[in-house]
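S.K.: just to be clear, the model below is a prediction. Sequence and coordinates:
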Amino acid sequence: MANKNTKSFLDTINVFKKNSMTPTLIIVYILMIAIFASVNPLYISLTNIKSILATISISGIMAVGLTTVILTGNFDISVGSTLGIAAIICAKFYNIEGLNLPIGVVILIALLAGAAIGAINGFLVTVVGINSIITTLGTLAIFRGLAYFFATETARIYYKPFIFVGRGYVFNNVPLTLIYFIGLLVLMYLVLRFTKFGRNIYQVGANADAARLAGVSVDRTTFFTFIISGATAAMGGVIMASQLAFAQGEFGLGYEFKILTICVLAGISLAGGRGTLVGVLVATFILGSISNGLALADVPIEWREAFQGLILIVAILIDSIRVRREKLLRA
Amino acid sequence: MQDINTKKKGLRLSDTIILLIILGVLVAFFTLINSDFIAYNNISTMLKNMVLTGILALGLTPLMIARGLDISFGSSISLISVVIALLYTVGGVNLWLALIIGVLVGVFVGFINGLLIESFDLIPIILTLGMMAILQALALVLANTFSNTYSILVMTDPLYYFATRTFFKIPYPVLVLIVLVIVYWFILAKTKVGRTIYLIGANPTVAKLSGIKVKKIKILLYTFMGLVTGIGGIIIVAVSGVGMSYHGKNLALPTLSAVLLGGISLMGGSGTVAGTMLGVLIVTVIFNGLSVLNVPSYYIQLFQGLALIIIVAAYEIRNNRAAMN
């Protein structure tokens, strides 16, 4: 009896959804670690593991935000530029002469700016009705241009508490950034699974028309996911500025690839409505570990970028094959 | 029935007229600010700049009418230019052979794009986004491995003549564009293939049911997009005299803006070669005008993004209004 009870309890938790890609990903991850460790034993040293954990958080946090957008069946490829502009806003507001804004306020301004960019994207997509990829392709260029405009020279931030935000450790070994990432992931996981808003997101992505008929405000739901995505991208920008103690216009260049790859690899279906954040957690670790492993194996940066594009393409192929198989099973 | 038809025709005509008015206003505006704008030198520079955007936009036109999309052409051009330069300058291969191989690289990339998208039902923009990363990286890797620089000189007489000499006062690159415009216009407006492409875009399911091999035709269109990308690669090598791994970096946004401005819809099924060329003209005038006014480069990027959004938003708002009426 007790046994049966625990089983049903596990069923109700069901962290790995049925047909989930996550178990496969975990196996791939373990194999990968074994390969990289055999190429360079330093790979599994404590210092390197710490550095992997500290660096993956930025893309992880952004992937959590982007996931909500993709779940509604939309895209946001302006996240890299949002990161850049948030980092520069941090640096510029901190350096305003004679104002001496408290660092908390500066960070809050940067996050609000990110949310505002998300709101612009959301407005263009839901109210004006432009395709989300074209919208964010446009805002990607606009905000990258603005980032270069504001950061004509590198802006430094030498302020210990601010640097601690991105470089600090808890218990000497756990990076603070990892705690932000896991905290945000757990929070969003709970929101997606147990709140009305979360269920709406899945419904909008699975079938927008049906959701509308069921009384879900499709536009409002989509709008808020873009705001979440913008705000998380800004979080990435704040952390990056704090880790490097400066900000410049190039920050976040090409991040849209990275984040999109994480989401697709995590099994967040590009058609919308399918996938969980557990996959995002594993995929973030995998991609972070790959780029770290390739760097330790002395692979040149261009090859690493090519590899990333390759992973993206393989991941979307897998996604399409899974969608097709599901359709066949349903028919 | 007749009423609806005439109404539709009136709408399309007014679209073209609106675009022409915009073009006229822009030219007048830039000329007022800087009278050099309509000098012969600037116009010929502008036409040369227009060639590349124009060729790529032409390739995109049938593809987007049939609901396809390719944004990897920028990186593809970088790769092609590097391949040509490496073969000719470093490898010592015959120039014509190098050019042909360059074009074949483009064709191959286009074919792979089409094959993957059509056989796996992928979202075109996402696959070509991944392709863009791979091709850009390949261009960098090749240039770095074989010559240790980002730009490789290509010094040849034929390419130099091609880029600088004129045929009855028309620069050769412009001539290539004109020929391609005529070919594309003829195919889209006058042949059965053209009508098939419109049908695929208007309703893929109906097209499939009526016995059209939708996938094959779309793969062919992607391959042709690759072909024009290859031609674009040759032109950029000829005009600049170098093969460079960043050649195609800022091509995607202006080209997409031009095509969308010309009246091609992301939903497929609509658009004409004439509209596309008007779009290309307007976009070229805007960006050339901005650089004549000595606007810094980051503003240009900003304007590129703004232009794309404003163009698509304007069409969306108009469509929404039409739907309401």
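M.R.: Okay, I see it.

S.K.: buried set for stretch B:277-296?
M.R.: Residues of stretch B:277-296 classed as buried by neighbour count (16 or more other C-beta atoms under 10 Å in any protein chain shown): B:277-292. C-beta here means a position set from N, CA and C on the backbone, and glycine is covered the same way.

S.K.: now it: mean pLDDT?
M.R.: On average, the pLDDT along stretch B:277-296 is 84.

S.K.: same thing with stretch A:283-293?
M.R.: Stretch A:283-293 shows a mean pLDDT of 88.

S.K.: likewise stretch A:251-265?
M.R.: Averaged over stretch A:251-265, pLDDT sits at 87.

S.K.: hmm, it in reach of chain B?
M.R.: Yes - interface with chain B: stretch A:251-265 contributes A:G254, A:F257, A:L260, A:V264 (C-beta under 8 Å from any C-beta of the partner chain).

S.K.: how near is the most centrally placed residue in chain B to chain A?
M.R.: In chain B, the residue lying closest to the centroid (C-alpha atoms, centre = their mean) is B:L56, at 2.0 Å. Distance, B:L56 to chain A, by C-beta to the nearest C-beta, to the nearest Å: 16 Å.

S.K.: next one: B:S291
M.R.: 15 Å.

S.K.: out of everything not next to it in sequence, what's closest to that residue?
M.R.: Nearest residue to B:S291 in three dimensions, chain neighbours excluded: B:I300, at 7.2 Å (C-beta to C-beta, 6 or more residues apart in numbering or on different chains).

S.K.: same question for B:F224.
M.R.: B:G59 (6.3 Å).

S.K.: contact partners for that neighbour?
M.R.: By C-beta atoms under 8 Å, 6 or more residues apart in numbering or on different chains, the residues touching B:G59 are B:D70, B:F73, B:F224, B:M225, B:L227, B:V228, B:T229.

S.K.: confidence-wise, which of those comes last?
M.R.: For the contacts of B:G59, the model is least confident at B:D70; its pLDDT is 89.

S.K.: before we move on, what SS does it have?
M.R.: Here B:D70 is recorded as coil under DSSP: H, G, I helix; E, B strand; the rest coil.

S.K.: right, and it touches B:L60 too?
M.R.: Yes - in this structure, B:D70 is within contact of B:L60 by C-beta atoms under 8 Å, at 6.8 Å.

S.K.: overlap of the contact sets of those two?
M.R.: B:M225.

S.K.: tally of neighbours for residue 184?
M.R.: This is for chain A. By other C-beta atoms under 10 Å in any protein chain shown, the residues close to A:L184 number 19.

S.K.: um, chain B though
M.R.: B:Y184 has 23 neighbours, counted by other C-beta under 10 Å.

S.K.: try A:G104
M.R.: Close neighbours of A:G104, defined as other C-beta under 10 Å, add up to 11.

S.K.: how close does it get to chain B?
M.R.: 30 Å.

S.K.: work out the gap between the helix or strand encompassing that residue and the centre of the chain.
M.R.: Using DSSP states H and E, the element containing A:G104 is helix A:103-123. Distance of helix A:103-123 from the chain centroid (C-alpha atoms, centre = their mean, to the nearest Å) equals 16 Å.

S.K.: pLDDT averaged over that helix - what is it?
M.R.: If you average the pLDDT over helix A:103-123, you get 93.

S.K.: name the residues of it that come out as buried.
M.R.: Those would be A:103, A:106-107, A:109-115, A:117-122, for helix A:103-123 by 16+ other C-beta under 10 Å.

S.K.: what angle sits between the following helix or strand past that helix and helix A:103-123?
M.R.: Tracing the chain past helix A:103-123, the next element assigned as helix or strand by DSSP H and E is helix A:132-150. Helix A:132-150 runs at 140 degrees relative to helix A:103-123, counting by axes from the mean of the first three to the mean of the last three C-alpha atoms, to 10 degrees.
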